[in-house]
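J.: Structure for the following, please:
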Amino acid sequence: MSAAESRLLRVFVLLCVAHGVALLGSHVTMFAIGVWLYQRTGSITAYALIGLANMLPLLLASPYAGILIDRRDRRVVLLGGYVACGVCSLGLAATFYYGALSLGTALPIVALASLSSTAQLPGLSATMTHLVPPSQLVRANGFLLFLVGLGQIVAPIAAGLLMEVWTLDRVILVDVASALLAIAIVASVRLPAALRTPAPAVRGALLDDMTYGLRYIWRRPGLRALLALGAVSNFVMSIVQALLTPLVLSFADAAALGAVLSTSGVGMLVGSIALTLAPPPRRAVRGILVSALLQSAMLFLGAARPSAALIAVGAFGFSFAVPWMNGYNQAIWQAIVPADVQGRVFATRGLLAQCAMPIGFVSAGPLADRVFEPAMRVGGPLASSAGWFIGAGPGRGVALIFAVLASVSTASILVICTRPSVRGVEDDAGAPLERSGLSQRA
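T.: Numbers count the residues shown, from 1 in each chain. Okay, the predicted model is just below:
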């Protein structure tokens, strides 16, 4: 590796560390605010609204974030996001300090902080292709996913411990400190000239820019299929996240649930580390297929019997496959999509793929409570058929949902990944359209 490539890799590592630090602080604040409101109101709706305020702006603002990433100096975009998030966290701390914090005051600040962070991850992903050699993109994505997963695991533990000894405003100031550290790291790096001066080709009308990513993906069957696979995966994951807790608590206690959730988090971290250390794949599509099939197999395993140990193994394997599937998928997009339009394309891709998650969260409860759980009660309409495989009684309806999701997911994976447009998607090094300067009309 040349000295120039080594320098760019160091810049990439520093940007990832900055993002991981900032994300850790944000997770601490979101966890602390949600718990604080729930403890004082006793309202699950209030707790859910904080989560919605944190998720919805990310989805709605994605097209604008993509335009911003492609049109502006990407270091300035990242810095601006970290500064805005830090200011929002400082506002939350001040609101609590002066006794004005409530659901009504917290929601707009949380939403504004979420809006400020919209461009961070797609901006970093788009920047990665300028800093990392193509052969190392999978490993680089594995490293980034490791930092993201680490923050998701450490933040609830850290926030819970800090809330025992500190007031809420001091806990939130941890987020302010993390934002300041991220700002200092990003300000210290120097990005390549192409990232400081975006190409004029991206400067089009606002409406044209907003729809560019959608048009780009729609005209490429291979990318459309990968997007569909990502949406299916997100839908399945959202239902698993929503129903894993009631599945375990249907036959075990909170301690067993904690062990299962911790095992799932460890699986995510181990998978990210393994992906980072693994040699570059010959065909990333095969890696996506194997990872997705492993997730389906682990869903079947978790649904098989009411056993905390069995579900923990399934949760570990399911989470272990997530970084591999996401890392391979992201590397393909980074290798194919021209660098000057990655902001808009990646933002659109994220918006469309993540829209499946709210659908999964909303549908999980009614499907379990009104359809599958009644059907799998002892003497229920499916107890004598499906119950022969997975048993009948409390929680077996959720288990059946997992088994159905595994079956549907497996079928979708096989259909999508065996399509010629997907099998050959890595061979698409960019059509003449992207190389001609006319990519704005894609």
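J.: Would you mind confirming that Gly51 makes contact with Leu37?
T.: No - counting by CB atoms under 8 Å, Gly51 does not reach Leu37; the two are 11.0 Å apart. In this view, the C-beta of every residue, glycine as well, is placed from N, C-alpha and C.
J.: Look at the two and report which has more neighbours.
T.: Per other CB atoms under 10 Å, whichever of Gly51 and Leu37 has more neighbours is Leu37, with 20 against 13.
J.: what stretches of the stretch 251-400 of the chain score poorly on pLDDT?
T.: By pLDDT under 70, the low-scoring segments of the stretch 251-400 of the chain are 254.
J.: What segments of it are helices?
T.: Using DSSP state H, counting those that start in this stretch, the helices of the stretch 251-400 of the chain run over 254-277, 284-304, 308-336, 342-354, 356-366, 373-375, 387-390, 396-417.
J.: what's the answer for the stretch 1-150 of the chain, then?
T.: 3-41, 44-60, 62-71, 74-97, 103-116, 120-131, 137-165.
J.: The fifth one to helix 3-41, inter-axis angle?
T.: Angle of helix 103-116 versus helix 3-41, following axes from the mean of the first three to the mean of the last three CA atoms, to 10 degrees, is 170 degrees.
J.: what's helix 103-116 in contact with?
T.: 26, 29-30, 33, 37, 41, 46, 49-50, 53-58, 61, 80-81, 84-85, 88-89, 91-92, 95 (CB atoms under 8 Å, 6 or more residues apart in numbering).
J.: 7 Å instead, please
T.: 33, 37, 41, 46, 49-50, 53-54, 57-58, 61, 81, 84-85, 88-89, 91-92, 95 (CB atoms under 7 Å, 6 or more residues apart in numbering).
J.: Any buried residues in it, and which?
T.: For helix 103-116, the neighbour count (16 or more other CB atoms under 10 Å) marks Leu103, Ala106, Leu107, Ile109, Val110, Ala111, Leu112, Ala113, Ser114, Leu115, Ser116 as buried.
J.: what residues go with each domain of the chain?
T.: Described in terms of automatic domain parsing, the domain architecture of the chain consists of the residue ranges 1-198, 204-442.
J.: The helices of the stretch 251-400 of the chain into CSV, with extra columns for distance to Gly424?
T.: Formatted as CSV, the helices of the stretch 251-400 of the chain follow (distance: least, CB to CB, whole Å):
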stretch, distance to Gly424
helix 254-277, 24
helix 284-304, 9
helix 308-336, 11
helix 342-354, 19
helix 356-366, 25
helix 373-375, 43
helix 387-390, 38
helix 396-417, 12
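J.: Looking at those, which is nearest to Tyr216?
T.: With CB to CB as the criterion, Tyr216 lies closest to helix 342-354 of those, at 5.2 Å.
J.: And the closest one, what does it pack against?
T.: helix 62-71, helix 120-131, helix 206-218, helix 221-249 (3 or more CB pairs under 7 Å, 6 or more residues apart in numbering; DSSP states H and E).
J.: Make JSON lines out of these and add mean neighbour count, distance to Phe389 and mean pLDDT.
T.: Shown next, in JSON lines, are the helices and strands packed on helix 342-354 (neighbours: other CB atoms under 10 Å; distance: least, CB to CB, whole Å; pLDDT from 0 to 100):
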{"stretch": "helix 62-71", "mean neighbour count": "24", "distance to Phe389": "41", "mean pLDDT": "83"}
{"stretch": "helix 120-131", "mean neighbour count": "23", "distance to Phe389": "40", "mean pLDDT": "88"}
{"stretch": "helix 206-218", "mean neighbour count": "17", "distance to Phe389": "39", "mean pLDDT": "80"}
{"stretch": "helix 221-249", "mean neighbour count": "20", "distance to Phe389": "16", "mean pLDDT": "87"}
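J.: Serialize the ones you listed to CSV and add fields for distance to Leu400.
T.: Converted to CSV, those look like this (distance: least, CB to CB, whole Å):
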stretch, distance to Leu400
helix 62-71, 34
helix 120-131, 35
helix 206-218, 34
helix 221-249, 11
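J.: Val21 is nearest to which of these?
T.: Going by CB to CB, the one of these nearest Val21 is helix 120-131, 11.8 Å.
J.: Tell me what angle that closest one forms with helix 62-71.
T.: Angle of helix 120-131 versus helix 62-71, following the same axes, to 10 degrees, is 30 degrees.
J.: what comes into contact with helix 120-131?
T.: 8-9, 11-12, 15, 19, 65-66, 69, 74, 77-78, 81, 140, 192, 194-195, 330, 334, 339, 342-343, 346-347, 350.
J.: so how far is it from its chain's centroid?
T.: The chain centre lies 15 Å from the centre of helix 120-131; the measure is CA atoms, centre = their mean, to the nearest Å.
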